[in-house]
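>>> Sequence first, then the predicted structure, then my questions.
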Amino acid sequence: MVEYAAGAVNKDRLNNRKLGISMGSNIIILALIFLEIVAFWFAWRAVSSARTSQGAVGWVVFLITAPYLGVPLYLFLGHHKFKNYLIARRDSEEVIEGLRTYQMANAPVKTPELSVQPFEKISEMPTARGNNMILLVDGKATFDAIFCAIDAAETYVLVQFYIINDDALGQALQEHLIAAAARGVVVRLMFDAVGSAKLPRAYYQRLLEAGVHVVDPKKTRGPKNRFHINLRNHRKTVIVDGKVGFTGGLNVGDEYMGLNPKFGDWRDTHAQLKGPVVSQLQLVFGEDWHWATNEVLINDLNWEAPHATEDMTAMIVATGPGDEMETGALFFFSAITAAKHRVWIASPYFVPDTDVLTAMKHASLRGVDVRILVPEVIDHKIPWLAAFAYFDEIREAGVQVWRYKPGFMHQKVVLVDDDFAAIGTTNLDNRSFRLNFEAMATFFDSRPAAATAAMLENDFHRAWMLNKTLAEQPLGIRVGAPIARLFAPVL
């Protein structure tokens, strides 16, 4: 009897085990079916939204054949649009009317030689006279000027950076903002949740306690952690009282001051702006603040920046995945195709799309002096490698590739002929073209162009011109470059 009971128990255990295995198998099968359905849905989205047939085919094949890898990757790599991005100037009749008034009051007296029409349509803002730009060519010059402006603020300070580190420079910024708030100045600060992922909460909690208005990165719309690598706000903006503004390549960290031995003598460029162009930069900040907080700042800010005596014609070209067109790529395409004798571009990354690549080669074939200045020092290995996969192609068309060697070069500068210069945040890569929010201070005037040319000529003296093909590079580059290029759509 006991043996029979024991046998019955064992039989029940065996049946339960089989049932458990069967249920587990069914769950796995259902999960795989669901994953495949999701993969097909994502594949359709890729087909209907990808900008190139190659990109669409790549995603479709990857998603259908390996959904367990393709679906997770598509979740944070496959999107390049903020379909619901609310742009303040499109939502406010007051802003639209203000832009019309602004355009009439600040219309350039002299029409620039290089056509401004493409840039006005890209940015949805007009060119304006009455501006001035001062080049700031390193971390010390940049933050000395920024801190001086913040210390002189009378009514408000607007600050936005992609990266803020809690180091010596970050703490210096913190102190200047707290001091401004203590004087009764309204201080607003925002930073990218992904770029500043390592910034401790204690850093901005101290600012909040001091009366600084800080956007909590965990409560904003858009990407919130380092795995959401697309749709980042890459802009770096400081505006004081609506009268002086700053934008360019520098973030807030000791490495930007040249204090990190890995990167050496950090080479970067910021621009100090005065004139009506500051109002444009302020409007872009207002749009980003509106997106992050749903708060409209229009009535809280000064929109009458005084004209600078230099009377330069300028505009802010802001681009990003909230735009209906591929505005980042169109900015470079418009500048390059307009060139008559010179295009010099400095960028830490060189991963262009097909259209910009073709424009560069065609410009060089037309006899235009096309030069690309990139860093020899590495900060991100994959885009650094990917660039080598493009160098042979552009060099065959006559484009010069210069590699800056004293330290890491991070500036984003475009110079066309003798009357166009742009300094800002936009890199020459697909990420800046269509995945990040960017801004370029663009001047149509011979004086900033001459200053920019002199600056770049000095950089070329500290660089060497690439004279080797990919086949002549070390094995690691020969093998790594074509593989890295496969990631070009998201670099």
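Received it, and whenever you're ready, just let me know what you need.
>>> what's the nearest residue to residue 182 if we skip its chain neighbours?
Spatially, and ignoring its direct neighbours in sequence, residue 182 is nearest to residue 210 (7.0 Å; CB to CB, 6 or more residues apart in numbering). The C-beta positions use only the backbone N, C-alpha and C, and glycine is treated the same way.
>>> Look up how far residue 304 lies from that neighbour.
Note on residue 210: its distance to residue 304, by CB to CB, to the nearest Å, is 29 Å.
>>> Compare the two and say which one has the larger neighbour count.
Ranked by neighbour count (other CB atoms under 10 Å), residue 210 and residue 304 place residue 210 first, with 17 against 11.
>>> Spatially central residue for this protein, please.
residue 234 (3.7 Å; CA atoms, centre = their mean).
>>> so that residue sits right up against residue 435, yeah?
No. In this structure residue 234 lies outside contact range of residue 435 using CB atoms under 8 Å: 9.1 Å.
>>> Kindly report the domain assignment for this structure.
2-77, 88-108+126-310, 327-490 (automatic domain parsing).
>>> So for residue 320, which of these sits nearest?
Ranking these by proximity to residue 320 (CB to CB) places domain 327-490 first, at 3.6 Å.
>>> pLDDT below threshold where in the stretch 351-491 of the chain?
489-491 (pLDDT under 70).
>>> As a check, name the ranges of all strands in it.
Secondary structure of the stretch 351-491 of the chain (DSSP state E, counting those that start in this stretch): strands at 369-375, 400-404, 413-416, 420-424, 428-429, 436-443, 463-465.
>>> nearest to residue 478, of those strands?
strand 400-404 (16.6 Å).
>>> Tell me which strands the closest one pairs with, and in which orientation.
Strand 400-404 sits in its sheet next to strand 369-375 (parallel), strand 463-465 (antiparallel), going by DSSP bridges.
>>> State the distance from the nearest residue to residue 115 once chain neighbours are set aside to residue 137.
Counting by CB to CB, 6+ apart, residue 115 lies nearest to residue 338, which is 6.3 Å off, once chain neighbours are set aside. In this view, residue 338 and residue 137 are 26 Å apart by CB to CB.
>>> ditto for residue 108
In this view, residue 108 and residue 137 are 27 Å apart by CB to CB.
>>> Which of those two has more residues huddled nearby?
Neighbour totals were compared for residue 108 and residue 137, and residue 108 leads with 20 against 17 (other CB under 10 Å).
>>> from memory that one sits against residue 312, does it?
No. Counting by CB under 8 Å, residue 108 stays clear of residue 312, with 9.3 Å between them.
>>> Count the neighbours of the closest residue to residue 200 other than its chain neighbours for me.
Leaving aside its sequence neighbours, residue 200 sits nearest to residue 166 (CB to CB, 6+ apart; 5.7 Å). As a burial measure, residue 166 scores 17 neighbours (other CB under 10 Å).
>>> How about the one 4 residues further on?
The local packing count at residue 170 equals 20, with neighbours defined by other CB under 10 Å.
>>> so where do the helices sit in the stretch 151-300 of the chain?
Secondary structure of the stretch 151-300 of the chain (DSSP state H, counting those that start in this stretch): helices at 168-182, 201-209, 277-293.
>>> Need the overlap of contacts for residue 108 and residue 312.
Taking CB atoms under 8 Å, 6 or more residues apart in numbering as the contact rule, residue 108 and residue 312 both touch 129, 444.
>>> Now do the phi/psi pair for the residue nearest to the centre of the chain.
Main-chain torsions, residue 234, degrees, to the nearest 10: phi -100, psi 10.
>>> How about the contacts made by the residue nearest to it when sequence neighbours are not counted?
Leaving aside its sequence neighbours, residue 234 sits nearest to residue 436 (CB to CB, 6+ apart; 4.1 Å). By CB under 8 Å, 6+ apart, the contact list for residue 436 reads 231-234, 320-321, 328.
>>> One more pass at 7 Å, please.
Taking CB atoms under 7 Å, 6 or more residues apart in numbering as the criterion, residue 436 is in contact with 232, 234, 320.
>>> Low-confidence stretches in the stretch 101-250 of the chain?
220-230.
>>> any chance you could map the strands in it?
Going by DSSP E, counting those that start in this stretch, the stretch 101-250 of the chain shows strands at 128-136, 156-161, 186-191, 213-214, 232-233, 237-240, 244-248.
>>> Rebuild those as CSV, extending it with mean neighbour count.
Output for the strands of the stretch 101-250 of the chain, formatted as CSV (neighbours: other CB atoms under 10 Å):
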stretch, mean neighbour count
strand 128-136, 22
strand 156-161, 24
strand 186-191, 22
strand 213-214, 18
strand 232-233, 24
strand 237-240, 26
strand 244-248, 26
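>>> For residue 276, find the nearest of those.
Set against residue 276 and scored by CB to CB, the strands of the stretch 101-250 of the chain come closest in strand 128-136, at 4.2 Å.
>>> which residues sit against the closest one?
Contacts of strand 128-136 (CB under 7 Å, 6+ apart): 106-109, 142, 145, 248, 269-277, 307-308, 310-315, 441, 443, 448, 451-452, 455.
>>> make it 8 Å
With CB under 8 Å, 6+ apart, strand 128-136 has contacts from 102-103, 106-109, 142, 145, 246, 248, 269-277, 280, 306-315, 421, 423, 441, 443, 448, 451-452, 455.
>>> That one: partners in the sheet, and parallel or antiparallel?
As assigned by DSSP bridges, strand 128-136 forms pairs with strand 270-274 (antiparallel), strand 312-319 (antiparallel).
>>> In CSV, could you pull the C-alpha coordinates for that strand?
Extracted as CSV, the C-alpha positions of strand 128-136 are listed here (Å, rounded to 0.1, in the frame of the first residue of the first chain):
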residue,chain,number,x,y,z
ALA,A,128,18.8,90.3,-38.9
ARG,A,129,21.3,93.2,-38.9
GLY,A,130,22.8,94.9,-35.9
ASN,A,131,24.8,92.0,-34.5
ASN,A,132,28.3,91.3,-33.3
MET,A,133,30.3,88.1,-32.6
ILE,A,134,33.4,87.5,-30.6
LEU,A,135,35.2,84.2,-31.0
LEU,A,136,36.2,82.4,-27.8
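>>> Now do that strand against strand 244-248, angle only.
Interaxial angle, strand 128-136 versus strand 244-248 (axes from the mean of the first three to the mean of the last three CA atoms, to 10 degrees): 60 degrees.
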